Structure formats: structure tokens, C-alpha cells
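**Q** Quick check, what structure comes out for this input:
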Amino acid sequence: LVAVMVAGTAAVTAFRPLPVIAHGPAPDGVGFWDLPTGSRIAYVSLKAAKSRPTPVIFLHGGPGTPDEGLPASAAELAALGFDVYSYDQLGAGRSTRLADVSGYTVARHVADLDAIRKTIGADRVILVGESWGGSLAAQYMAAHPDNVAKTVFVSPGPIWEGAFPDGNYGSPWDRIAPQERARFDALNEEPRALAMFTLMGINPGAAHALVSDAEADSHLHRLALAGKDATGCTAGPPARPHDNPQGFYVNQLTNADFAGIPDPRPALRQVRVPSLIMRGECDYVIWPVTYDYRRTLPESKLVYLRGAGHAVERGQPRMYRSLLLDFLLDRPLALPDHPSAQPPK
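**A** Predicted coordinates:
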């Protein structure tokens, strides 16, 4: 009996809740859209004194890994007449968490983005998609080509995961330092975390019932901190941590859905939307993923930036802003097109 009691106590201790990161109230300037899709979306914006008809919408990566606040280029864009928006996608940041996690799909993200376009009163928008945000921008272009004026893809994830059926198209976790790797592995070896990941592959709803959004999101936040400096070139500046919550379940379920959707590339080959693709020298995403955009989008330009990693704006801020502004203003780009560039040896 004593042995059973000891074993039971050990089991309860092992499955104690994962630590939850306390997040403060939303900073000044954060607003919310209550969309007809049912999503409550947190956003920040900067309005131009005299607005052009096409606003710029920044799409963050992940899925489920939002930024905090507006990008550094927002003030320059607003000064040039562009209204600028950046929002936390469904299931991440300060936006809605779904009670039924099966609702985290690519189609839902596309529907939310189109609802945002209508909410801000724009016939067409300019999309700037970073990492997974690039994948989302491509999906939106395929579904709503007439609603997009221009698109900028920054270190984009795959247009279609089905082109890489083994799922091996690059990961920042392959690059983290040994000390951070040990920290990363230790986090994922916590019994409750192991149970969560195991259930995700069997019954995501059961995983969600066992491990709350607050626990799971905090776990993903700590994992992200362990790998935050693995996305740039070795000598690049460190990433700045922020307090905007990660979204674990939207990350897991959107990725799972993304792996099974139809190929959008046949539709995208007919889309004549001017597009700029930025690829950093040290991007961990494999080269075929990036080149797939250049090969698929007929009105695209590809620029290869030395000294930049996955986070191009952090690695080459001046060049990033120059390319972005030149492209949006229809000026000649600061760098030539590189449709046949090869990644560094």
C-alpha cells in the first residue's frame, strides 16, 4: 500500500501543470477586430496622413509565433502614404483561442485575412509575409488573386508542403548551440509535455483537454526562446525576445492541415500579382522551397541577401527596408534579380 501511495504521488508530481508564463495586459495601441468568421483578432496599425488606396498587411510566421508591435519599416511606409497593419493570427498572441482545436486550418486563416481586408475597407491589399506568413500569403493569392495588389515574401515557408512529403525543408532546431539543445530537449522530456505531444498525434482534442492553452502556449514560448538566435547568420545580432504569447495548438493543427491541402501552384501560375521574394544567405529553409516561389509566380523577382538569415529585417535592416520601399513604390530595386542564384557552399 505504501509503495502504491508513493508511486501515485510520483505520478501526480510528474503530471503537474506545465509552468505558465504570466503575460501583462495588451500594450497601448493594440486593438481588436471581431470578424464574421468568429475570430477575435488583435492588431496594431499606423495610419498615413494621406492614405493610398492599398494598405500594407504584415503576416507573421509560425504558424502561431506572432511578433510584438509594428515592424521597424512601418513608420517609413506610413510616411509614404501606406496604412500599415500587423495582426496576431487566430490562436496566437492576443487573438482568439478555439475551444475545438480542429478549427485551426489554412482555410480559416485565409477566411480571416479576407474578412480583415473587408473590415478595413480595402478593395486590394499589399501583403508582406514572413516565414509561414509567406505560405499564408500564397494561399490567399491563390484563393483571392483579384484582392492582392502586391506581395512581398520574406524567407517564406513552402507554398505547398506536399512538395516536400518527408517534411524536411529545414528547421532552426538543427542549428541551436549544444547548451540550448540540452535546454530544448529537457523541456520536451517533461512528462506532461511528452503526453501532450503523444496525444497530438492521436487525438488533438484530448491533448487540449489535458493541457490548457496557457500551459501549451507557455511551453512553445520557452522552446522559441531556446532557439531564438538560431535563425540568423553566426555573426548577426541576437533576436529580441518579446512578451506576445505563442500559440501551440494553432501551430500544431495548422501545420497538420497544411500537409494535406491541395496544391495551389497550378492556380498561382495564372496569378499576375507583382511579387518580391527575399532570401537570406543563412536562411535555414532549404533552397528549393524559396525557388519554388520564383518558379511558380510569373510576376516575381528573387533577391538573395548575403549576411542575412531567416529574419532578413534583423540581419540586413537597411537593405530590407530599401528593397521593400523600392518595390512598393515601383522604383528599380537596389539589387539585381537572382533567379539562378545558389545558396552558399
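**Q** got any ranges where this structure has weak pLDDT?
**A** 1-14, 228-229, 234-241, 335-345 (pLDDT under 70).
**Q** where do the helices sit along it?
**A** Using DSSP state H, the helices found in the chain span residues 2-14, 74-79, 106-119, 132-143, 178-188, 191-200, 204-210, 213-226, 248-258, 265-268, 287-296, 312-315, 317-328.
**Q** Out of those, which is the most enclosed?
**A** Across these, averaging neighbours per residue (mean count of other CB atoms under 10 Å) puts helix 132-143 on top, at a mean of 26. C-betas here are computed from N, CA, C, even on glycine.
**Q** Show me the residue sitting in the middle of the protein in space.
**A** By CA atoms, centre = their mean, the chain has its centre lying nearest to Gly61, at 0.9 Å.
**Q** Export the helices of the chain to CSV and append columns for distance to Gly38.
**A** Compiled in CSV, those are given as follows (distance: least, CB to CB, whole Å):
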stretch, distance to Gly38
helix 2-14, 37
helix 74-79, 28
helix 106-119, 9
helix 132-143, 18
helix 178-188, 32
helix 191-200, 23
helix 204-210, 17
helix 213-226, 16
helix 248-258, 14
helix 265-268, 26
helix 287-296, 31
helix 312-315, 32
helix 317-328, 32
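**Q** related to what we said a few turns ago, now do the contacts for the nearest residue to the residue nearest to the centre of the chain once chain neighbours are set aside.
**A** Leaving aside its sequence neighbours, Gly61 sits nearest to Ser131 (CB to CB, 6 or more residues apart in numbering; 3.1 Å). Residues in contact with Ser131 (CB atoms under 8 Å, 6 or more residues apart in numbering) are 60-62, 154-157, 285, 310.
**Q** same question, Asn255
**A** With contacts defined as CB under 8 Å, 6+ apart, Asn255 is in contact with 63, 161.
**Q** try Tyr43
**A** Contact analysis of Tyr43 by CB under 8 Å, 6+ apart lists 30-33, 85-88, 116.
**Q** Now, of those residues, which are buried?
**A** If you count burial by 16 or more other CB atoms under 10 Å, the buried members of those come out as 30, 33, 85-88, 116.
**Q** Counting neighbours, what do you get for Ala230?
**A** Ala230: 20 surrounding residues under other CB atoms under 10 Å.
**Q** State whether it and Cys282 are indeed in contact, as I suppose.
**A** No - counting by CB atoms under 8 Å, Cys282 is not a contact partner of Ala230; they are 10.0 Å apart.
**Q** Pop out the phi and psi values for Thr37.
**A** Dihedral pair for Thr37: phi -70, psi -10, per degrees, to the nearest 10.
**Q** burial count for it?
**A** When neighbours are counted by other CB under 10 Å, Thr37 registers 20.
**Q** so how far is Arg306 from Trp33?
**A** Counting by CB to CB, to the nearest Å, the gap from Trp33 to Arg306 is 39 Å.
**Q** got a list of what the closest residue to Gly280 other than its chain neighbours touches?
**A** Among residues not flanking Gly280 along the chain, Ala308 sits closest, at 3.4 Å (CB to CB, 6+ apart). Going by CB under 8 Å, 6+ apart, Ala308 touches 232-233, 236, 278, 280-283, 314-316, 319-320.
**Q** Next one: Ala308 from Arg175, what distance?
**A** For Ala308, the distance to Arg175 - CB to CB - is 15 Å.
**Q** To Val20, which of the helices of the chain lies closest?
**A** With CB to CB, the closest approach to Val20 among these belongs to helix 213-226: 4.8 Å.
**Q** The closest one to helix 191-200, inter-axis angle?
**A** 100 degrees (axes from the mean of the first three to the mean of the last three CA atoms, to 10 degrees).
**Q** Start the count at 9 instead of 1 going forward.
**A** Sure, I'll start counting at 9 from here, so that last one is helix 221-234.
**Q** ok, residues contacting helix 221-234?
**A** 25-29, 72-73, 105, 184, 188, 191-192, 195-196, 200-201, 204, 216, 249, 253-257, 259.
**Q** mind running it again at 7 Å?
**A** Identification of contacts with helix 221-234 by CB atoms under 7 Å, 6 or more residues apart in numbering yields 25-29, 72-73, 105, 184, 188, 191-192, 195, 201, 204, 249, 253-257, 259.
**Q** pretty sure Arg273 contacts Glu169?
**A** No - between Arg273 and Glu169 there is no contact under CB atoms under 7 Å: 11.9 Å.
**Q** before we move on, the earlier item: could you pick out which of the contacts of Ser139 are located in strands?
**A** Residues of the contacts of Ser139 located in strands (DSSP state E): Val162.
**Q** Report the two of the contacts of Ser139 separated the most.
**A** Every pair of those checked by CB to CB; the farthest is His68 and Val293, at 15.7 Å.
**Q** of the two, who's got more company?
**A** His68 (24 against 21).
**Q** Enumerate every residue touching the more buried one.
**A** Going by CB under 7 Å, 6+ apart, His68 touches 74-75, 97, 138, 141.
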